[in-house]
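Undergrad: Following is a predicted model, sequence given first.
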Amino acid sequence: MAIKKTKEEVAQIRESISRKGPRKPIFFGQKIDDLKKGEGIVITDEEWKGTKLKTPLPSYYYSKYNKGSKKVISVVKTEKGYLVEKIG
């Protein structure tokens, strides 16, 4: 059963909940960060399945690196996996 809370009660609950925790590292993030503009890495389908993420690879990296209109990476499907290229 849903219980209605006042603004003060909601604020108190939100302050008591710790939303700060260790951020999980980005898969292959260090390799992508080390790339220079125009360079890329190929992530095979087997490597991506090893991460056990349900999110498709392009969606995962676009959400991590491309913010707003600023494009940092490009992801292209290849025969064996995906090519992640640094463009910015």
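TA: Here it is on my side, so go on. Quantities reported herein were computed from a predicted structural model and do not represent experimental measurements.

Undergrad: Give me the pLDDT value at the residue positioned nearest the centre of the chain.
TA: For the chain, Lys64 is the residue whose C-alpha lies nearest the centre (CA atoms, centre = their mean; 3.6 Å). Per-residue pLDDT puts Lys64 at 91.

Undergrad: Pull out the buried residues from the helix or strand it falls within.
TA: Assessed by DSSP states H and E, Lys64 sits inside helix 57-65. In terms of neighbour count (16 or more other CB atoms under 10 Å), helix 57-65 has its buried residues at Leu57, Tyr60, Tyr61, Tyr62, Tyr65. Where C-beta positions appear, they are placed from N, C-alpha and C, glycine not excepted.

Undergrad: Can you say which helix or strand has the closest residue to the second one other than its chain neighbours in it?
TA: It stands for Tyr60. Spatial nearest neighbour of Tyr60, excluding adjacent residues (CB to CB, 6 or more residues apart in numbering): Leu53 at 6.5 Å. Assessed by DSSP H and E, Leu53 sits outside every helix and strand.

Undergrad: can you check Glu15 too?
TA: Assessed by DSSP H and E, Glu15 sits inside helix 7-16.

Undergrad: Can you give me the distance of Lys54 to Thr6?
TA: According to CB to CB, to the nearest Å, Lys54 and Thr6 sit 38 Å apart.

Undergrad: shaky segments in the protein?
TA: Low-confidence segments of the chain (pLDDT under 70): 18-22.
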